[in-house]
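>>> Got a predicted model here, sequence first, then my questions.
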Amino acid sequence: MFGAGGGTSSYQEIEDTDLIIMWGSNAREAHPIFFHHVLKGVHNGARMFAVDPRRTSSAQWADVWLGIDVGSDIAVANAVGREIITRGMYDEEFIREATEGFDAYAETVESYTLDRAEEISGVPGEAIRQLAHEYGRAEKAQICWTLGITEHHNATDNVLALINLALLTGHVGRYGSGLVPVRGQNNVQGGGDMGALPNKLPGFQDVEDAESRSKFEKVWGSQIPAKEGKHISLMHEAMDEGTLRALFVLGENPLQSEADSTEMERRLRSLDFIVVQDIFLTATAELADVVLPAAGWAEAEGTYTSSERRVQRVRKALDPPGEALDDIELLSRIARAFGHDWPTPTAEQAWDEMRALSPLHGGMSYARLEELGGLRWPCPTEDHPGSLFLHGRLWDRPVSGGRAPFSSVEYAAPVDELTEEFPMRLTTGRRLDSYNTGVQSGRYESPRRIHGVLDLSPEDGVALGVSEGDQVRVSSRRGSLTAPVRFDRSLRPGLAFMAVHFPDDTDVNVLTVDAWDPKSGTAEFKATAIRVEALA
């Protein structure tokens, strides 16, 4: 945020805060470790709001649940901002000294009255008012979100709408107040930190900045392209255009994880050459020309980084089976096969090279990570304790560094419109005992396992004339599948839910739309228009 690619707060702060807003986040099932910290905050007296289309197992812990219509987050966030401004609950001194763009933001949200937000979102205006007043008056408050905010065609604008609320009230840059994006998968934060982004070098340094490139080029002995690369949705377009002809897939299963999987399969089959490096033979790997067996997490040395920016050591517990090799070994061998004189560094040597180039990680030696049980970046020097929270500089007077910008964002409805032909909204997500496309978690049974089903409200079941367990056909503008019905009282009529974990049985991505956010490249997995039909 504000140039740093990580959440502003540490987990311990959510235990000490006064107000928790879980926005588009079913953390109890999707991020259970983080949710333990949330529950400690609740038990310590924090009030909790949940903004979510479903009354999830996370929302059931909330004092107030705002049952938002899918994709209407900006309308509600802007109405919260307008109410805070209208009632004089904004932090005038913080806005004046540490931010920019407030007047344009205030003008944008002026039209988002409580009545208008209620009409767009389905949330009672009084509930939006209550959220605004409690957030505006809280001494410490945290806004937490996950894929319910980011898997939309306007994902970046959704996030900016929430950031605006923190800037409006000064709930950022100090202990107990902050913005907490909980990452979608294990070590996603670490991947971004290491430069696994099309526009960043390790430590979130701009690839188009000549000075940043220069220091990496000196160490690597190679020239780095001066123009940022393509995110995954632009890669899809390049496949369609025929300009991307080969793919190297490391630890991903795009055939089953990407939206509109029928179209994704066509793209993959059109390529000239695919390499997959993974610990299992995924559905994507079955299409590959070459499969490189990689070591699993217990079979290699390294580090992981959590959503609170904490870097922790991972230690090898056993040797990889068969011909499987550590990722570093595999990549080094590939480089040598290309004719480059690459040694195979240890994980610590690779880490030390990275932290010599990334100021965020400069003080994180393996010895310190071992001794302290991990460190949160930024940690620039060997005597630095790491950082509990980010952007404390916004409270310096005068503020050090640049000001934090407000962003004027407008509500835009989901791309996949509801019509008479497709009258129901489908949203997707996760269940507690399963992980992503099921490549890892699907290989064992669990007493909590709910296999591929279509969750409906009991009211919709009556309207469709189906009972629990009945098979139905689910159709979208892209494809159809059959699935058994499961009734879920957390759903309102007109809203359906499917988990993403069982593509071999019920491939929900046959249905989802590949409309994507132009700023982040994320597809709109959360908002699909469907039709449900009973099967005789």
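Sure thing, it's come through. Since the model is a prediction, treat every value here as computed from it, not as a measurement. Residues are numbered from 1 along each chain as shown.

>>> Going by C-alpha atoms from here, please, whenever you check contacts or count neighbours.
Will do.

>>> Do you have the helices of the stretch 251-400 of the chain handy? List them.
254-257, 261-270, 327-337, 347-357, 366-372 (DSSP state H, counting those that start in this stretch).

>>> oh, I was asking about the stretch 1-150 of the chain
Using DSSP H, counting those that start in this stretch, helices in the stretch 1-150 of the chain cover 11-16, 27-30, 32-43, 73-86, 92-98, 102-109, 114-121, 125-137, 147-150.

>>> Rounded mean pLDDT for the second one, please.
Read it as helix 27-30. Per-region confidence: helix 27-30 scores 93 on mean pLDDT.

>>> now swap in the longest one and tell me
On average, the pLDDT along helix 73-86 is 98.

>>> care to break the chain down by domain?
11-181, 184-229+294-382, 233-291, 424-534 (automatic domain parsing).

>>> How many neighbouring residues does Asp416 have?
19 (other Cα atoms under 10 Å).

>>> how close does it get to His152?
Separation of Asp416 from His152 (Cα to Cα, to the nearest Å) stands at 11 Å.

>>> re the thing from before, CSV for the helices of the stretch 1-150 of the chain, including distance to Val532 and mean neighbour count?
Output for the helices of the stretch 1-150 of the chain, formatted as CSV (distance: least, Cα to Cα, whole Å; neighbours: other Cα atoms under 10 Å):
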stretch, distance to Val532, mean neighbour count
helix 11-16, 40, 22
helix 27-30, 26, 22
helix 32-43, 32, 18
helix 73-86, 26, 26
helix 92-98, 49, 16
helix 102-109, 37, 16
helix 114-121, 23, 20
helix 125-137, 31, 20
helix 147-150, 23, 24
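
>>> any weak-confidence spans in the protein?
1-3 (pLDDT under 70).

>>> Count residues in the vicinity of Gly401, would you?
11.

>>> which SS class is it?
coil (DSSP: H, G, I helix; E, B strand; the rest coil).

>>> who touches it in this structure?
Counting by Cα atoms under 8 Å, 6 or more residues apart in numbering, Gly401 touches Arg393.

>>> Try it again at 10 Å.
Contacts for Gly401 were tallied using Cα atoms under 10 Å, 6 or more residues apart in numbering; they are 98, 391, 393-394.

>>> ditto for Ala117
So Ala117 contacts 72-80, 111, 123-125, 128, 411 (Cα under 10 Å, 6+ apart).

>>> change it to 8 Å
So Ala117 contacts 75-76, 79, 123, 125 (Cα under 8 Å, 6+ apart).

>>> where does Ala496 land in three-state SS?
Here Ala496 is recorded as strand under three-state DSSP.

>>> Does it touch Leu456 like I think?
Yes - with contact defined as Cα atoms under 8 Å, Ala496 and Leu456 form a contacting pair (5.0 Å).

>>> quick revisit: what's the overlap in contacts for Asp416 and His152?
Ala527.

>>> Of the domains of the chain, which is nearest Gly5?
With distances scored as Cα to Cα, the stretch of those nearest to Gly5 is domain 184-229+294-382 (6.7 Å).

>>> Identify the residues contacting Arg183.
Contacts for Arg183 (Cα under 8 Å, 6+ apart) come out as 146, 189, 306-307.

>>> how close does Met47 sit to Leu168?
Careful, residue 47 is Arg and not Met. 20 Å.

>>> So the two - more neighbours on which side?
The residue with more neighbours, out of Arg47 and Leu168, is Leu168; 25 against 21, by other Cα under 10 Å.

>>> Now name the helix or strand holding the more buried one.
Using DSSP states H and E, Leu168 sits within helix 155-169.

>>> Show me what that helix packs onto, helices and strands only.
helix 73-86, helix 92-98, helix 147-150, strand 178-181 (3 or more Cα pairs under 8 Å, 6 or more residues apart in numbering; DSSP states H and E).

>>> Turn those into TSV, columns for distance to Pro202.
TSV is the format used below for the helices and strands packed on helix 155-169 (distance: least, Cα to Cα, whole Å):
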stretch	distance to Pro202
helix 73-86	32
helix 92-98	28
helix 147-150	23
strand 178-181	20
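
>>> Any idea which of those gets closest to Glu286?
helix 147-150 (28.2 Å).

>>> mind listing what Val80 touches?
128-129, 131-132, 165.

>>> at 6 Å instead, please
Residues near Val80 by Cα atoms under 6 Å, 6 or more residues apart in numbering: Ala132.

>>> measure it to Thr303 for me?
According to Cα to Cα, Val80 stands 39 Å off from Thr303.

>>> quick revisit: between the helices of the stretch 1-150 of the chain, which one is closest to Leu369.
Nearest to Leu369, of the helices of the stretch 1-150 of the chain and by Cα to Cα, is helix 11-16 at 17.8 Å.

>>> Contacts for the closest one next, please.
Under Cα under 6 Å, 6+ apart, the answer for helix 11-16 is 37, 40-41, 176.

>>> export it as PDB, just CAs?
Output of helix 11-16 as PDB, limited to C-alpha atoms (Å, rounded to 0.1, in the frame of the first residue of the first chain):
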ATOM      1  CA  TYR A  11      -1.400 -10.000  13.500                       C
ATOM      2  CA  GLN A  12      -1.000  -9.100  17.100                       C
ATOM      3  CA  GLU A  13      -2.600  -5.700  16.400                       C
ATOM      4  CA  ILE A  14      -5.900  -7.300  15.500                       C
ATOM      5  CA  GLU A  15      -5.900  -8.800  18.900                       C
ATOM      6  CA  ASP A  16      -5.600  -5.300  20.500                       C
END
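
>>> just how off-centre is it within its chain?
In this view, helix 11-16 has its centroid 20 Å away from the chain centroid, taken as Cα atoms, centre = their mean, to the nearest Å.

>>> Also stretch 477-488?
With Cα atoms, centre = their mean, you get 25 Å for stretch 477-488.

>>> Spatially, what comes nearest to Pro405 if we skip its sequence neighbours?
Glu100 (4.9 Å; Cα to Cα, 6 or more residues apart in numbering).

>>> Quick check: the one you found vs Leu168, distance?
Distance from Glu100 to Leu168, by Cα to Cα: 11 Å.

>>> Then Ala529?
Distance from Ala529 to Leu168, by Cα to Cα: 35 Å.

>>> tally of neighbours for Thr8?
27.

>>> returning to that earlier point: pull out the buried residues from the contacts of Arg183.
146, 189, 306-307 (16 or more other Cα atoms under 10 Å).

>>> With respect to Thr428, which of these is nearest?
Looking across the buried ones among the contacts of Arg183 and measuring by Cα to Cα, the closest to Thr428 is Thr146, at 12.7 Å.

>>> Lys227 falls within a strand, correct?
No - read with three-state DSSP, Lys227 is coil and lies in no strand.

>>> Now for the nearest residue to it once chain neighbours are set aside, how many residues are close by?
The shortest distance from Lys227 to any non-neighbouring residue, by Cα to Cα, 6+ apart, is to Glu208 (5.6 Å). The number of residues packed around Glu208, counting by other Cα under 10 Å, is 16.

>>> Verify the contact between Glu208 and Gly229 for me.
No - taking Cα atoms under 6 Å as the definition, Glu208 is not a contact partner of Gly229, at 10.1 Å.

>>> Mind jotting down where the strands sit in the stretch 301-450 of the chain?
Counting by DSSP state E, counting those that start in this stretch, the stretch 301-450 of the chain has strands at residues 302-305, 310-314, 375-376, 404-405, 424-429.

>>> Buried deepest among the ones you listed, which one?
Ranked by mean neighbour count, the strands of the stretch 301-450 of the chain are led by strand 375-376 with a mean of 25 (mean count of other Cα atoms under 10 Å).
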